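A.B. asks: Below are the sequence and a predicted model for it; my questions follow.
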Amino acid sequence: MKTRIYFLMFGVFFSGLANAQHDFDTQGILFSNSTNNVLTLGSNTVQAQYTSATSVFEIYSPTEASYLHLKAGSNSLFISNSIQYGNFILAPTNHPFSIGVGNNVLTPQLRLQTNGNVAIGTALNPTDYKLAVGGKIIAEELKVQLQSAPWPDYVFANDYSLPSLQEVEKQIQENGHLENIPSACEVQENGIEVGEMNRLLLEKVEELTLYTINQQKQLDQQTKEMEELKALVNTLVQKNK
């Protein structure tokens, strides 16, 4: 009954905005303005101009912060504009904070979980991930910063054990994928971690670079030997003339 009375009171306030300007408190705590259709709490003047709004409720604090507190039972929601801390929304309960569009409040489009994780387009709350998205993501740039796994510069170290091509061929024949690279079944079941996969792929690219360098050295050596043999053959032919 109290909730209905409160909404009825606000309805009366807004219904009278079009006809008159009212100051409901001698200190200007609650003020309405018919020109802007604004109901102001905390000031006897309109704090912002709303060119297209038909009715507005604003809360003003000249010094510290303005709060809007919504409470149902033990569940609370604070909306605040603070001079010191800026704008924030705080839900100090064990329930997630959800934002949705449409009539189905059980499937919100965005949900801030109580552990700080964010879910967009999904009801999942995976504990090991800060962001869960049920759908595609598009961005101009994505930066992944690995914290522990070493970047594959170790491939170019003198003590790196580069597998022979015969060992690589055996690995492929026996397992159907490169060493340290997850199989198709593993990817289908567990997905991939973008940062780790890029690290592993770069490791293979750097190994391929070493194979190419070694092969080029062999080609250069073979070319040199062939030139020497050609020179030797020409010498022998000239002697036999």
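C.D. replies: Everything's here; your move. Note that this is a predicted model, so its numbers are computed, not measured.
A.B. asks: quick one: low-confidence parts of the chain?
C.D. replies: Residues of the chain meeting the criterion pLDDT under 70: 1-36, 46-54, 92-93, 104-107.
A.B. asks: All the strands of it, residue numbers only.
C.D. replies: Shown for the chain, the strands assigned by DSSP state E span residues 22-23, 30-33, 38-41, 56-59, 65-72, 75-82, 86-90, 97-99, 110-112, 118-120, 131-133.
A.B. asks: List of residues touching the last one?
C.D. replies: The contact list for strand 131-133, computed with C-beta atoms under 8 Å, 6 or more residues apart in numbering, reads Asn117, Val118, Ala119, Ile120, Gly121, Thr122, Leu124, Asn125, Pro126. In this view, the C-beta of every residue, glycine as well, is placed from N, C-alpha and C.
A.B. asks: Specify the beta-bridge partners of the closest residue to the last one other than its chain neighbours.
C.D. replies: Spelled out, it's Pro126. Nearest residue to Pro126, sequence neighbours excluded (C-beta to C-beta, 6 or more residues apart in numbering): Ala132, at 5.5 Å. According to DSSP bridges, the residues that bridge with Ala132 are Ala119.
A.B. asks: In contact with the spatially closest residue to Asn198 that is not a sequence neighbour, which residues?
C.D. replies: Leaving aside its sequence neighbours, Asn198 sits nearest to Val144 (C-beta to C-beta, 6+ apart; 7.2 Å). Listed by C-beta under 8 Å, 6+ apart, the contact set of Val144 reads Val194, Gly195, Asn198.
A.B. asks: Could you check how far the first one is from Gln109?
C.D. replies: Computed with C-beta to C-beta, to the nearest Å, the distance linking Val194 and Gln109 is 24 Å.
A.B. asks: Same drill for the two, tell me which one is more crowded.
C.D. replies: Shown here are Val194 and Gln109; by other C-beta atoms under 10 Å, Gln109 has more neighbours (14 against 10).
A.B. asks: Let me have the strands of the chain in a markdown table, adding distance to Glu225 and mean neighbour count as columns.
C.D. replies: Shown next, in a markdown table, are the strands of the chain (distance: least, C-beta to C-beta, whole Å; neighbours: other C-beta atoms under 10 Å):
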| stretch | distance to Glu225 | mean neighbour count |
| --- | --- | --- |
| strand 22-23 | 103 | 14 |
| strand 30-33 | 96 | 19 |
| strand 38-41 | 92 | 21 |
| strand 56-59 | 88 | 16 |
| strand 65-72 | 84 | 12 |
| strand 75-82 | 80 | 14 |
| strand 86-90 | 75 | 11 |
| strand 97-99 | 73 | 14 |
| strand 110-112 | 69 | 17 |
| strand 118-120 | 64 | 18 |
| strand 131-133 | 59 | 13 |
